[in-house]
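> What follows is a predicted protein model with its sequence.
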Amino acid sequence: MGKRCLLPYTGTLAKRESKMSQMPIPRILLVGAGAIGRLHADEIRKCKFCTLSGIIDPTLQGREWAETLNIPWFATLEDALIYGQPDAAIVATPNHTHRDLALKLIDTGVVTLVEKPIASSLKDAEDIVRASEESGVSVLVGHHRRHNPIIRAAKNVIEEDTLGRLTSVTIMALFNKPDEYFSIPWRREVGGGPILINLIHEIDLVRYLYGEIRTVQAIASNARRGFEVEDTASVLMRLENNVLVTVSLSDCVSAPWSWDLQSGEISSYPTPPASVTTTMVAGSNGSLSLPSLDIWSYQGKRDWYEPLTRSSTGYFKESPYIAQLRNLCDVAQGRALPVVPAKEGFLTLRATLAVAESAKRNTIIDLSNTTYD
């Protein structure tokens, strides 16, 4: 099967960009100069609708990087706010720092995008949600896949009832992280593995596309690498609508079956020579393959002795990181609500931590009784 031709942008977006150009360009403050922070900086610098106003990072490497970009550098958030208040901020720092940074930005009135996960614990996440809701200062969470045009198209297919009643979803997240990835100590420790780093993306899309999660059951293994942290897991979820979801997860296998390799979201990941399915969504009237957006259905009687037909749906090509930035700017300028507000980040974190807890305790976790932290 060949690559699908993507639909071009229409004049509607061009008109919208023209209107945006008549407004002041939002100034975005970047907190954190690690890998994800640098990705955000690259995307901001590609945009015409926002500008990078400063970089906060206490390290020498962070300062040198800011200097190469000719962007003001600050060691602390306090220093940056003395320099001037931005229109929006992106927090791309270690997870345990998210709470304090987000609360300071909320207190200052700065609309903020916090990278996923929203925090390192449910309590910290609750603090962010509460502060945002009580102050009226929006916090967005960096679950960028919700902004992917493929995901938006998939959501339309599901909501239009093309597939009928959803019954089963199968997700594969199988990839190989190189040995040097684990030279950073925390990546070998509990909390630094694929459940909290990678599975959280799948959990968020489960909630966004298929329904809220009722229970989770998981088993995990560290047998391949022998680190304290898991390298492989299998997860079973029952949703509130009784859809059953299974996920196969591993960061130590040589395989093409992962969203990162197949979606083309990040250019540094080489696209395999042949497209393969990473998610299978099965319903009473039809099924959907992702990321290809192929729809399988019967033209007449639904019967395994009858032939299935394949159709597909198109979508507008756009970087989800650019779309996420646009939403951040729109929220900062009062033109839109967050696509992923803080409460959504909390609920996704809760479900992901439940998976880790289930694997640890070897039991089914009911999300209505998540008292752990």
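Thanks, I have the structure now.
> For the longest helix seen in the chain, name the packing helices and strands.
Ordering each helix of the chain by length in residues (DSSP state H) puts helix 342-361 first. In terms of contacts (3 or more C-beta pairs under 8 Å, 6 or more residues apart in numbering; DSSP states H and E), helix 342-361 is packed against helix 122-135, strand 139-141, helix 200-205, strand 213-221, strand 232-239, strand 365-366. In short, each C-beta sits where N, CA and C put it, glycine included.
> average model confidence for the third one?
Here the mean pLDDT over helix 200-205 is 98, rounded to a whole number.
> Residues contacting it, please?
Under the criterion C-beta atoms under 8 Å, 6 or more residues apart in numbering, residues 116-117, 143, 145-146, 151, 171, 173, 213, 247, 249, 259, 340, 344, 348-349, 351-352, 355 lie in contact with helix 200-205.
> ditto for the second one
Applying C-beta under 8 Å, 6+ apart, the external contacts of strand 139-141 come out as 102, 106, 111-118, 128-129, 132, 324, 327-328, 331, 338-342, 344-345, 348.
> ok, now with 6 Å
Contacts of strand 139-141 with the rest of the structure, by C-beta atoms under 6 Å, 6 or more residues apart in numbering, involve 112, 113, 114, 116, 118, 128, 132, 328, 338, 340, 342, 345.
> ok so, going back, including mean neighbour count, could the helices and strands packed on helix 342-361 go into a markdown table?
Converted to a markdown table, these look like this (neighbours: other C-beta atoms under 10 Å):
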| stretch | mean neighbour count |
| --- | --- |
| helix 122-135 | 18 |
| strand 139-141 | 28 |
| helix 200-205 | 24 |
| strand 213-221 | 19 |
| strand 232-239 | 21 |
| strand 365-366 | 18 |
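> Distance check, the closest residue in space to residue 164 that isn't next to it in sequence against residue 298.
With C-beta to C-beta, 6 or more residues apart in numbering as the criterion, residue 164 has its nearest non-adjacent residue at 3.0 Å, and that residue is residue 285. Per C-beta to C-beta, to the nearest Å, residue 285 is found 8 Å from residue 298.
> now residue 203
From residue 203 to residue 298 the distance is 32 Å (C-beta to C-beta).
> what angle do the longest helix of the chain and strand 213-221 make?
50 degrees (axes from the mean of the first three to the mean of the last three C-alpha atoms, to 10 degrees).
> Just want the angle from helix 342-361 to helix 122-135.
Using the same axes, to 10 degrees: helix 342-361 against helix 122-135 is 170 degrees.
> State the mean pLDDT of helix 342-361.
Mean predicted lDDT for helix 342-361 stands at 98.
> No further queries at this time; thank you.
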